[in-house]
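>>> coords below, sequence missing:
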Ligand code: NAP
């Protein structure tokens, strides 16, 4: 059985990615932080559709938790072939810089940027030994363009874009590709307080995207068909520059 680990797979984009990858025959490791009910729903939907999934609850922003949980799972499953890692878990906490607290800076950097380092280095060795892997990092339009009120979030996502470029070069010879996906406005809990009617005038395609549209792109990048794409940041945002 081939495995795919998706962080933040209890809701939103991560859930759609988990469901999509399960239809391609992967056993999905569903990571999440706290929402047991939604994580169980993701697993049930995969089970009902005939797929396989396990829950792996840990806080991606906590170095010790990531190591204990992921290393523990790897030790218990020494033969598991982890083909895909989707670093998707993320949060935002928007405020202008002059009012940003240490806590707002730290939590957004820890969850969106440091998590990439903690989770990826734990899984990377298995992929290096396998000589195959797909690492996909969910970043954001905000990390490419920089959006006022999101300095912590834009900085974190830009950091992951830089890390994507470097890691892609470091592991390419081992058959591992590393790419980032940069969504624009996607309909999830993260954007539920935004008014689509007001914002759609800045989107050429005149609407928010769906988690399933991001999942389809993720599945392509995770597939063999994308073997010559690495170190890239691919936008999916309805045409915003
Ligand atoms: P969402 O609906 O708010 O879901 C967030 C997911 O991340 C949940 O599964 C949540 O788990 C998990 N999570 C949050 N903090 C975590 C932590 N410390 N440890 C483990 N899991 C954690 O978010 P989304 O809109 O799907 O966003 C997914 C990714 O896409 C994020 O990286 C986000 O920055 C990026 N993105 C989203 C948009 C958009 O418009 N929605 C646009 C650009 C980029 P619980 O359920 O347990 O809380």
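All right, it came through fine. Nothing here was measured: the structure is a model prediction, and the numbers come from that model. Residues are numbered from 1 along each chain as shown.

>>> up against the ligand, what does the chain have?
Counting by CB under 6 Å from any ligand atom, the chain comes close to the ligand at 7-14, 31-35, 38, 59-61, 88-91, 111, 138, 140, 183, 185-186, 188-191. Quick note: C-beta positions are derived from backbone N, CA and C, even for glycine.

>>> among those, name the ones in strands.
Cross-referencing the residues of the chain next to the ligand against strands under DSSP state E gives 31-32, 138, 183.

>>> quick one: the helices in the chain?
For the chain, applying DSSP state H gives helices covering 12-23, 36-48, 63-66, 72-76, 102-109, 115-130, 141-145, 151-171, 196-199, 211-221.

>>> number of residues surrounding residue 178?
26 (other CB atoms under 10 Å).

>>> my bad, residue 136
Per other CB under 10 Å, the neighbour tally for residue 136 reads 25.

>>> now the buried members of the residues of the chain next to the ligand.
7-14, 31-33, 38, 59-61, 88-91, 111, 138, 140, 183, 185-186, 188, 190-191 (16 or more other CB atoms under 10 Å).

>>> for residue 119, see how far away the residue lying closest to residue 7 once chain neighbours are set aside is.
Among residues not flanking residue 7 along the chain, residue 89 sits closest, at 3.9 Å (CB to CB, 6 or more residues apart in numbering). In this view, residue 89 and residue 119 are 8 Å apart by CB to CB, to the nearest Å.

>>> now the ones in strands among the residues of the chain next to the ligand in TSV, with distance to residue 160 and pLDDT?
Output for those, formatted as TSV (distance: CB to CB, whole Å; pLDDT from 0 to 100):
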residue	distance to residue 160	pLDDT
31	17	98
32	19	98
138	8	99
183	13	98
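
>>> most distant residue from the middle of this protein?
Taking CA atoms, centre = their mean as the measure, the residue most remote from the mean C-alpha position of the chain is residue 98, 29.1 Å away.

>>> tell me the contacts of it?
By CB atoms under 8 Å, 6 or more residues apart in numbering, residue 98 lies in contact with nothing.

>>> per-residue pLDDT, it?
Confidence at residue 98, expressed as pLDDT, is 98.
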